[in-house]
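Enquirer: Got a predicted structure plus its sequence, pasted below:
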Amino acid sequence: MQWPKGRGGSIPLADTSPRLSAVRLSEPELRVWLAFLSAQHSLLTSLDGELQREHGISLPYYEVLLFLSRAPDRRMRMAELARSVLLSPSGLTRLVDRMVADGTVERLPCPGDARAANAHLTDKGFAKLRRAARTHVRGIREHFLDRLDEDQREGFRCTLERLTS
């Protein structure tokens with residue numbers, strides 16, 4: 001039986017006994033799941049740290065800039081933006097509050113819906129995105145793409161698309 005490293009508690013994640021197989025992961029299943037979580041955490045931590053050190057922004061901050069830059073008129077409804085960057089609505093609101101204070105984003109009324117708001121990327125925000133993009137792309141290459149050959153990248157892409165379909 002394997003216990004998660006670094007966690008207290010009494011519930012094993014993997015067990016080879018037949019009676020528990022329906023509620024436990026097999027050892028190979030557990031290894032692949034934990035490897036996925038570890039790789040994701042390591043990659044996101046590295047990318048976030050580089051953006052923080054070099055540009056004073058977090059990875060979610062960068063992602064908001066990126067999604068807004070790709071949206072028509074560089075604006076999105078707050079609810080749609082929250083879904084795009086995988087933040088809760090309240091988490092996005094707090095982040096956008098900081099971005100408004102920085103002058104990189106502004107809140108605009110949503111035409112036709114007085115209850116909703118749009119986030120709009122300012123010219124200052126677009127300039128910040130352009131500067132930070134070099135760091136972000138370099139990090140993606142260094143910590144992810146350069147560690148896989150072309151066949152591995154294609155296989156990984158297919159796997160991820162299958163998981164998200």
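Expert: Structure's in. What do you need?
Enquirer: Does Asn118 fall in a helix, a strand, or a coil region?
Expert: strand (DSSP: H, G, I helix; E, B strand; the rest coil).
Enquirer: Distance of it relative to Arg130?
Expert: In this view, Asn118 and Arg130 are 22 Å apart by C-beta to C-beta, to the nearest Å. No exception for glycine: its C-beta is placed from N, CA and C like everyone else's.
Enquirer: residues of the lowest-mean-pLDDT helix or strand in the chain that come out buried?
Expert: Taking mean pLDDT, DSSP states H and E as the measure, the helix or strand of the chain with the lowest value is strand 113-121, at a mean of 91. The neighbour-count criterion (16 or more other C-beta atoms under 10 Å) identifies 117-121 as the buried residues of strand 113-121.
Enquirer: Please enumerate the helices of this structure.
Expert: Counting by DSSP state H, residue ranges of the helices within the chain are 27-55, 59-70, 78-84, 89-102, 123-143, 150-164.
Enquirer: Pro111: which of those is closest?
Expert: Evaluated over the helices of the chain, closeness to Pro111 peaks at helix 78-84, with 14.1 Å, by C-beta to C-beta.
Enquirer: which secondary structure elements does the closest one contact?
Expert: helix 59-70, helix 89-102, strand 113-121 (3 or more C-beta pairs under 8 Å, 6 or more residues apart in numbering; DSSP states H and E).
Enquirer: Done for today, thanks.
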